[in-house]
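Q: Got a predicted structure plus its sequence, pasted below:
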Amino acid sequence: MLRSATEYHLLTMFLDRRLETLDPEALRKHQWARLAAMMEAVIPTNRFITSHWKRVGLERAQDLRGWDDFRRLPLIRKSELVEDQAVHPPFGTNLSYPIERYVRVHQTSGTTGTPLRWLDTQESWEWWARCWTYVLRAAGLGPGDRVFFPFSFGLFVGFWAGFEGARALGALAIPGGGQDSAQRLAAMEALGATAVCCTPSYALHLAEVARERGLALERRGVRTTVHAGEPGAGIPAVRARIEEAWGARAYDHAGMTEMGAYGFECAAQAGLHVNEAEFIAEVIDPATGQPAEEGELVLSNLGRAGSPLLRYRTGDRVRVARTPCVCGRTFLRLEGGILGRVDDMLIVRGVNVFPSALEGIVRRFPAVDEFLIEVYRRGQLDEVRLLLEVQGHAGPVVAAVQEAVRVDLGIRVEAVPVPGQSLPRYELKARRLVRRAGDPQ
Ligand SMILES: [Zn+2]
């Protein structure tokens, strides 16, 4: 019998630590055992998965005999899931159990088109929480921490699962829904929050609100921030800015509504580890589908038998790190975290540029509060214009940003100042890239 949250924490930490440091062969065996167990639940009842697999001649769970068979399974795209839900509303056919077995529903934030709905069972909801304990523990959190979630607890799954994860970890989970930014800052102070989980954009926004009110955020007891929803915390200049404003260490995390909470940073902060105890990760060339060192991340989850996703094209561009991490984890590491969306890559005067690279430069300038990337199409080329909200005298800052982009990325972009507070602020996923028709005004 476990007597306390601390004891439970120590036990799970010990068990998970074993998984995190397995040698590659043992890790593949572990994944295979999980996959085989899940297959028994999925086939033959899950119509979505079975119809996909029939196309490659796989009809029974036993037909999946080894990794070569696995790699022949068709890749699944988000558009197929959206289409399936449109044809079979509201939840589609990727369901392995009768509908009564599901206890949670969420949907994607809808930043890239139609929202996708997703159901979870008791078991898979517990699995979400467990995946988040990897994230929080790697950020150094445990029982005794008070984790604040400045998040409107709506249909978007993001921090619901993080909240459950904090509870599962034995920490105090503090909901920050139904409040504006000032009330959230006050709640954090009153309840003694030691950690905060939110998007990187929202962490910067809270810092801005604190500054306007003359509050010294860096002296408020928050020592750790964990960020999801955007790649921001993995961009050095963004991380530095959050850490300075909060007087805390900022950790990156990656997850998706339809997939789960799969990526986290360890104390070494050398890119994202993929939780390979709960996910199978592949990196492919998006054009050919062949394995690649840099390309699109393809994931399969191993703990969501009621609504699984196998060989799912995440649309995230990543680069595989081949050197071992100093933390001792053997889980796959993605250098620089999520580099960007595969379909967000810009071609500016013949140079491939991810919006995250531009963000990495803009965020180095403390005088820039917020920014927006406008993209105009000219023939086959993208033209970029940066809109910058600058504190004080804008001219020299705007010129310095332009020069930094030229030096670092080898491209010339136009940068223009815009009035303070004229650009959107975000609590959920920020959308700082806007494609416009015609020429800049
Ligand atoms: Zn590590």
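A: Arrived safely, thanks for sending.

Q: Just give me the neighbour total for Leu381.
A: If you count neighbours by other C-beta atoms under 10 Å, Leu381 ends up with 12. For the C-beta atoms, the positions are set from N, CA and C on the backbone; glycine is no exception.

Q: Show me the beta-bridge partners of it.
A: Arg378 (DSSP bridges).

Q: can you tell me how far the nearest residue to Trp67 once chain neighbours are set aside sits from Leu334?
A: The shortest distance from Trp67 to any residue other than its chain neighbours is 7.3 Å, reached at Arg28 (C-beta to C-beta, 6 or more residues apart in numbering). As for Arg28, its distance to Leu334 is 19 Å (criterion: C-beta to C-beta, to the nearest Å).

Q: Which one's more surrounded, these two?
A: Taking neighbours as other C-beta under 10 Å, Arg28 and Leu334 compare with Leu334 leading, 26 against 14.

Q: picking that back up, Provide the secondary structure category for the residue nearest to Trp67.
A: Classification of Arg28 using DSSP: H, G, I helix; E, B strand; the rest coil returns helix.

Q: ok, now Asp252?
A: strand.

Q: so it sits right up against Ala270, yeah?
A: No: applying C-beta atoms under 8 Å as the test, Asp252 and Ala270 come out as separate, 10.9 Å apart.

Q: which one of the two has more residues nearby?
A: Taking neighbours as other C-beta under 10 Å, Asp252 and Ala270 compare with Asp252 leading, 28 against 18.

Q: show me the contacts for the more buried one.
A: Taking C-beta atoms under 8 Å, 6 or more residues apart in numbering as the criterion, Asp252 is in contact with 227, 231-234, 239, 263-265, 269, 272, 337.

Q: out of those residues, who's nearest Asn352?
A: Of all the contacts of Asp252, Pro231 has the smallest distance to Asn352: 16.6 Å, by C-beta to C-beta.

Q: could you point out where this protein is predicted with low confidence?
A: 1-3, 5, 110-113, 380, 428-429, 439-441 (pLDDT under 70).

Q: Could you check how far the residue nearest to the spatial centre of it is from Gly247?
A: Nearest residue to the geometric centre of the chain (C-alpha atoms, centre = their mean): Ala254, 2.5 Å. Using C-beta to C-beta, Ala254 is found at 25 Å from Gly247.

Q: Where do the helices of this structure begin and end?
A: In the chain, the helices defined using DSSP state H lie at 5-20, 24-42, 47-54, 67-72, 78-87, 122-138, 158-169, 181-191, 200-212, 236-246, 355-362, 394-409.

Q: which of those helices is buried the deepest?
A: Counting by mean count of other C-beta atoms under 10 Å, helix 158-169 has the highest mean neighbour count of the helices of the chain, with a mean of 24.

Q: Quick check: residues of the chain near the ion?
A: 266, 268, 325, 327, 329 (C-beta under 5 Å from the ion).

Q: my read: the fourth one touches Phe264, true?
A: Read that as Cys327. No: applying C-beta under 8 Å, one finds Cys327 not in contact with Phe264, separated by 10.9 Å.
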